[in-house]
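K.L.:
starting from these lines, generate the structure:
(chains A and B)
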Amino acid sequence: NAGVTQTPKFQVLKTGQSMTLQCAQDMNHNSMYWYRQDPGMGLRLIYYSASEGTTDKGEVPNGYNVSRLNKREFSLRLESAAPSQTSVYFCASSAPRGHTEAFFGQGTRLTVV
Amino acid sequence: QKEVEQNSGPLSVPEGAIASLNCTYSDRGSQSFFWYRQYSGKSPELIMFIYSNGDKEDGRFTAQLNKASQYVSLLIRDSQPSDSATYLCAASTSGTYKYIFGTGTRLKVLA
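P.N.:
Modelled structure (predicted):
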């Protein structure tokens, strides 16, 4: 099993450009998440999807949009990239029944210049 | 105020010692608590989770939960240099489907 797969692993954007980060999981999980991680800030939740067909804002949603394409896939879109969006982005998934943990992808390192 | 708070460290301990990592949370509705380890440049990986008051042991790791004090801790016995990493505490609340993370504590185990 691949678990949670993110693409791309690295990306450099110019200010104002747009891009979509892709995430897919093969664990049949209902819930999926996008986090960003900045030095000293920990993991901050951008958006999450509790189940297929639903999405909700997290702590830092401004400047981002998401699409839950199907149960497996959850994409994150930056419409007009800004230097403040330079970060490492992690996708995660979970099966939130009981006390189950979130599983993380390998991360996407995004630099906006 | 962040919902989950951790001391950023670094926490330095000698090899073979016990490392004690602490975490407090503000949402009394939080029900499950997770400790993740993250090596530099890598993604977080789960060490253990706890949801009942008291201690939970798994090998060299012990998680402790005190809901009255809203406090979670992770003890690492016989610390090894390979334990050097950032440890992230996370809390989730049943029904919200969210995992809220602290900023992480950087642990250094000195050989």
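K.L.:
quick one, what contacts B:Leu65?
P.N.:
By CB atoms under 8 Å, 6 or more residues apart in numbering or on different chains, B:Leu65 lies in contact with B:33, B:50-54, B:56, B:71-72. C-beta: built from backbone N, CA, C; applies to glycine.
K.L.:
cool, and A:Leu13?
P.N.:
By CB under 8 Å, 6+ apart, the contact list for A:Leu13 reads A:19, A:78, A:81, A:110-113.
K.L.:
likewise A:Tyr48?
P.N.:
For A:Tyr48, the contact set (CB under 8 Å, 6+ apart) comprises A:31-34, A:55-56, A:58, B:97-98.
K.L.:
redo that, cut-off 10 Å
P.N.:
Contacts for A:Tyr48 (CB atoms under 10 Å, 6 or more residues apart in numbering or on different chains) come out as A:31-35, A:54-58, A:61, A:66, A:68, A:74, A:92, A:94, A:102, B:96-99.
K.L.:
cool, B:Asp27 as well?
P.N.:
B:Asp27 touches B:3-4, B:70, B:91-93, B:96, B:100, counting by CB under 10 Å, 6+ apart.
K.L.:
filtering those by proximity to chain A, which remain?
P.N.:
B:3-4, B:92, B:96, B:100 (CB under 10 Å from any CB of the partner chain).
K.L.:
is it possible to export those residues to a markdown table including neighbour count, secondary structure and pLDDT?
P.N.:
What follows is the ones next to chain A among the contacts of B:Asp27, written out as a markdown table (neighbours: other CB atoms under 10 Å in any protein chain shown; DSSP: H, G, I helix; E, B strand; the rest coil; pLDDT from 0 to 100):
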| residue | neighbour count | secondary structure | pLDDT |
| --- | --- | --- | --- |
| B:Glu3 | 16 | coil | 89 |
| B:Val4 | 24 | strand | 94 |
| B:Ser92 | 25 | strand | 90 |
| B:Thr96 | 16 | coil | 71 |
| B:Ile100 | 23 | strand | 91 |
